[in-house]
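Have a look; sequence and predicted model below, questions after that.
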Amino acid sequence: MAEAAKYNGSEGAVVPAEGHGAVAPAAGTAVIATDAVQNPGLPPHRKRVTDLDPKVEKRAERTVYTLFYVSIAGSLGAVLAYMFFPIESGDLWDIRLHTMFVGVGMTLSLLAVGIGAVHWGKAIMADHESIDERHPVPSDSATRAEAVEVFTLANEESGFSRRSLVRNSLIGALIAFPLPGITLLRGLAPQDQDPVTLLKHTMWEEGIRLARDTGGYGVGGAIRAADVTIGSVFHVVPENLSQATNLLDEKAKAVVLLMRLEPEKLKERDERKGWSYDGIVAYSKVCTHVGCPVALYEQHTHHLLCPCHQSQFDVTDEAKVIFGPAKRPLPQLPITVDDEGYLVAQSDFQEPVGPSFWERLK
Ligand code: FES
């Protein structure tokens, strides 16, 4: 059997590798080059300006704790912005101000604490190189005592105990920076209404006309039954949507898709026979899986597709789920026409719209 060998510098010649005897290996066996890259070791330690000049060190310390205070100010600023720029009015300008100031506050909070920590490590903490040998596990008592010593030394060198302003401001910054996140959770629970009741009802009620959804805050004209041709689909909101206090919240619950099919294609239970009008049906556009807008209508198959996780609903069969993760049909809005031929709601939805989760709270 051939032994490992070293290339000796002259073409075609090899020498046995260390510890492998003096027998030359056969041609074609692996060789180890003698000019392998040597470990260059650590470069010589260079002192930083903060190591040499106490004034500069003091200035660096000031910078660090100032950054930590800026972080505290940013966190508190975000909380104040949340309170002083409420979005309850639903006004777009209020929402923009709210988003901007809360965002600026949180950005300051995170950036300043991050930059402060890096600057502390780079400019003030001891920066000499050290080699930490790997020890067997578990450590013996001597090693543990050594660890305590290392922590004590690190504490002394970083000045964590000694530099009380830096330490306290860092602790303050770390306590303050989760506050904006916690404060934002407040927005999930409206002050004056039970969130479950709020999510169970929409703006639809008897006699409210179905109007075109023109996007954003827009409400288009009311829709006549005669405008809805077979195969067409309309994105619909309540005609009185612009009077809502929380327009976007109300719109998110009340959006509806309106389609017309040949009446004989509809499979309707007896109790739902009066919910459609001459083949025109209206279903909630909010997917019952996790609430994406179900906005894709396939005219030939009469299937509605949710683009988020591909749930499909059969419009001919009360929007039942035929594919995908959604667990219940899209709620149907009972509709009819008024004296002038406009499509109107007969009532609100008969069940909560949106993710199935709400069904369990009935
Ligand atoms: Fe519609 Fe997931 S949200 S399928």
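Received, thanks.

For Glu298, list each beta-bridge partner.
Bridge pairing for Glu298 (DSSP bridges) gives the partners His303.

Based on its surroundings, how many neighbours for Asn168?
12 (other CB atoms under 10 Å). In short, each C-beta sits where N, CA and C put it, glycine included.

State the pLDDT value of it.
Looking at Asn168, its pLDDT is 93.

What ranges in the stretch 251-362 of the chain fall below the confidence cut-off?
Along the stretch 251-362 of the chain, the parts satisfying pLDDT under 70 run over 357-362.

Up against the ligand, what does it have?
Applying CB under 6 Å from any ligand atom, we find that the stretch 251-362 of the chain lies next to the ligand at 287, 289-290, 292, 306, 308-309, 311, 324-326.

Now list the buried members of these.
Buried subset of those (neighbour count, 16 or more other CB atoms under 10 Å): 287, 289-290, 292, 306, 308, 311, 324, 326.

Just give me the closest of the residues of the stretch 251-362 of the chain next to the ligand to Ala147.
Within these, proximity to Ala147 (CB to CB) peaks at Val290, which comes in at 48.2 Å.

Quick check: the gap between the closest one and Gly187.
As judged by CB to CB, to the nearest Å, Val290 and Gly187 stand 19 Å apart.

On the three-state scheme, Ile322 is what?
Three-state call for Ile322 (DSSP: H, G, I helix; E, B strand; the rest coil): strand.

Just give me the neighbour total for it.
15.

residues in contact with it?
For Ile322, the contact set (CB atoms under 8 Å, 6 or more residues apart in numbering) comprises 303, 312-314.

again, 6 Å this time
Contact partners of Ile322, counting by CB atoms under 6 Å, 6 or more residues apart in numbering, are 312, 314.

so where do the strands sit in the stretch 251-362 of the chain?
Using DSSP state E, counting those that start in this stretch, the strands of the stretch 251-362 of the chain run over 256-260, 280-284, 296-298, 303-305, 312-314, 320-323, 335-337, 343-345.

Of all the residues in the helix or strand containing Gly221, which ones are buried?
Taking DSSP states H and E as the definition, one finds Gly221 inside strand 219-222. Residues of strand 219-222 classed as buried by neighbour count (16+ other CB under 10 Å): 219, 222.

Which strands or helices does the following helix or strand past that strand pack on?
Where DSSP H and E defines the elements, the next helix or strand beyond strand 219-222 is strand 233-238. On a contact count with 3 or more CB pairs under 6 Å, 6 or more residues apart in numbering; DSSP states H and E, strand 233-238 meets strand 210-213, strand 256-260.

Redo the ones you listed as TSV? Include mean neighbour count.
Shown next, in TSV, are those (neighbours: other CB atoms under 10 Å):
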stretch	mean neighbour count
strand 210-213	22
strand 256-260	23
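
Just send these back as TSV, with distance to Ala73 too.
TSV is the format used below for the helices and strands packed on strand 233-238 (distance: least, CB to CB, whole Å):
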stretch	distance to Ala73
strand 210-213	42
strand 256-260	46
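
returning to that earlier point: output the contacting helices and strands for the strand holding Gly221.
strand 210-213.

Need the contact partners of the strand it packs on.
Strand 210-213 is contacted from outside by 219-220, 222-223, 235-237, 239, 343, using CB under 6 Å, 6+ apart.

what's the answer for stretch 91-102, then?
Applying CB under 6 Å, 6+ apart, the contact partners of stretch 91-102 are 78, 81-82, 85, 87.

give the contact list for Ser356.
Neighbours of Ser356 in contact, by CB under 6 Å, 6+ apart: 288, 327-328.

Not counting sequence-adjacent ones, nearest residue to it?
Spatial nearest neighbour of Ser356, excluding adjacent residues (CB to CB, 6 or more residues apart in numbering): Lys327 at 4.5 Å.

Please determine how far that neighbour is located from the ligand.
Using CB to the nearest ligand atom, to the nearest Å, one obtains 10 Å as the distance from Lys327 to the ligand.

do Ala78 as well
Ala78 sits at a distance of 31 Å from the ligand (criterion: CB to the nearest ligand atom).

Double-check that residue against Gly103; I have them as touching.
No - Ala78 is beyond contact range of Gly103, at 8.0 Å (criterion: CB atoms under 6 Å).
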